[in-house]
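1. Quick one: sequence plus predicted model below, questions after.
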Amino acid sequence: MHIVILGAGALGVYFGGRWIESGVDVTFLVREKRAAQIKEKGLKINSSHGDYEIQNPHVITDPSEIESADLVLFSVKGFHLAGAMEQLRALAAKGASILPVLNGIEHIKILQEQLGKEFVIGGLSYIFAELNDQGHVEQAGDMHELYFGPLEPSQEKICSGLADISQSAEFNGKKSPDITRELWKKYMFITALSGVTTAANLPIGPVREHPETFHIAEMILREMQTLAKEYGADITDADVDSAIKNVHALDPEATSSMHKDRRKGLRLEVDHLQGGAVRLAEDVNVDVPYIRAVLGMIKPFERP
Ligand SMILES: NC(=O)C1=CN([C@@H]2O[C@H](COP(=O)(O)OP(=O)(O)OC[C@H]3O[C@@H](n4cnc5c(N)ncnc54)[C@H](OP(=O)(O)O)[C@@H]3O)[C@@H](O)[C@H]2O)C=CC1
Ligand SMILES: CC(C)(CO)C(=O)C(=O)O
């Protein structure tokens, strides 16, 4: 299987690197600046699951440089979705299925509309990873999960193939029979975690210590549960309880990638995540006052 990584950031390099380590053919499709950085500094994963340096990574800046691809791991931030569409179209035309791992949900429909439903697989990840100033990945903690699953029956084969090749890779690759539910569970979790940590500008430890602050996270989980149900995803009370338990289990210093971006003064995915939730809620007449409130608190730091 030939996999193209579109978005050689934290997730793209981590999962792409782990596939390369296990012998899979991987190409990184990047923009010029990132290509120059990779040429100078190389690609490396520093990880609690073992470090790995990618020797001579295959890096391209134009899809025309490859003949064919089976799969694209699409790992850009929500605000780069539109800018990557032309490259995705070119790769789909070469036969590739697209596996987006962005947080959120709005991108799935946009990709399906732009590329055709048969090309878009469901995917998401649980991992704490970021790029350091060398452009190398820093991954922390136990979690390194990549979930994927068919959104259309025709995608069973590529998802099974992906499960097979991921078995020997150093991450947990999980083929889900109900990826839409998994997508909503992750969207619920990240809307709450990124909302409360980024708005408070605090990691999860101090958020948990203040019941009034933690209450906001719990209310966002509930609002997301209601929203998911409106969109046909059966997110149960047990799912919400399990999300709360997972937040309690996090290291006190742990925080969301959005909060890390706020601390670094980088552009935030708030419009894609909390903004997307508000848009989806408006479309089905659901009230989401807590999500609206954190959206308002985070907006001034968005740097669009
Ligand atoms: N980091 C984490 O721990 C987690 C992140 N996520 C989600 O995964 C997604 C990706 O996050 P993350 O990996 O952290 O993001 P990063 O910002 O680390 O990486 C995104 C990469 O996409 C590249 N990119 C953007 N547009 C293009 C394009 N048109 N062509 C080629 N490359 C492009 C950027 O490159 P350039 O340098 O050129 O700008 C950048 O390197 C987000 O939706 C995030 O919420 C989910 C779970 C955990
Ligand atoms: C849930 C978490 C924190 C880890 O996967 C994440 O998705 C993020 O920080 O963006």
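-> Nice, thanks for sending it over. Ligands and ions are numbered 1, 2, ... in the order given.
2. So, low pLDDT: which residues of the chain?
-> For the chain, no stretch is flagged by pLDDT under 70.
3. Tell me where it has strands.
-> Secondary structure of the chain (DSSP state E): strands located at 2-6, 25-29, 43-47, 52-54, 58-60, 71-74, 97-100, 122-131, 137-149, 172-175.
4. Can you show me the CA trace of the second one as PDB?
-> Right, the one you point to is strand 25-29. C-alpha atoms of strand 25-29 as PDB (Å, rounded to 0.1, in the frame of the first residue of the first chain):
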ATOM      1  CA  ASP A  25       5.700   2.900   1.400                       C
ATOM      2  CA  VAL A  26       5.000   6.500   2.500                       C
ATOM      3  CA  THR A  27       5.300   9.800   0.700                       C
ATOM      4  CA  PHE A  28       5.000  13.200   2.400                       C
ATOM      5  CA  LEU A  29       3.200  15.900   0.400                       C
END
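5. Tell me which residues are up against that strand.
-> 1-6, 8, 12-13, 16, 19-20, 38, 43, 57-63, 66, 69, 87, 91 (C-beta atoms under 8 Å, 6 or more residues apart in numbering). (Glycine included, C-beta is placed from N, CA and C.)
6. same question, the third one
-> When contacts are defined by C-beta under 8 Å, 6+ apart, strand 43-47 is touched by residues 8, 13-14, 17-18, 28, 51-54, 57, 132, 134-139, 144.
7. Over to the first one?
-> For strand 2-6, the surrounding residues in contact (C-beta under 8 Å, 6+ apart) are 12-13, 15-16, 19, 24-29, 63, 66, 68-76, 84, 87-88, 91, 96.
8. Buried residues of it, list them for me.
-> Within strand 2-6, the residues that qualify as buried are His2, Ile3, Val4, Ile5, Leu6, counting by 16 or more other C-beta atoms under 10 Å.
9. what pairs with the first one across the strands?
-> When bridges are assigned using DSSP bridges, the partners listed for His2 are Asp25.
10. For the protein, what lies in contact range of ligand 1?
-> 6-12, 29-31, 33-34, 75-78, 80, 83-84, 87, 101-103, 125, 127-131, 257, 269 (C-beta under 6 Å from any ligand atom).
11. List, out of those, those positioned next to ligand 2.
-> With C-beta under 6 Å from any ligand atom as the criterion, the residues of the chain next to ligand 1 include Asn103, Ile127, Phe128, Ser257 near ligand 2.
12. Please pick the buried ones from the residues of the chain next to ligand 1.
-> So, by 16+ other C-beta under 10 Å, the buried ones in the residues of the chain next to ligand 1 are 6-12, 29-30, 34, 75-78, 80, 84, 87, 101-103, 125, 127-131, 257, 269.
13. Many thanks, we can stop here.
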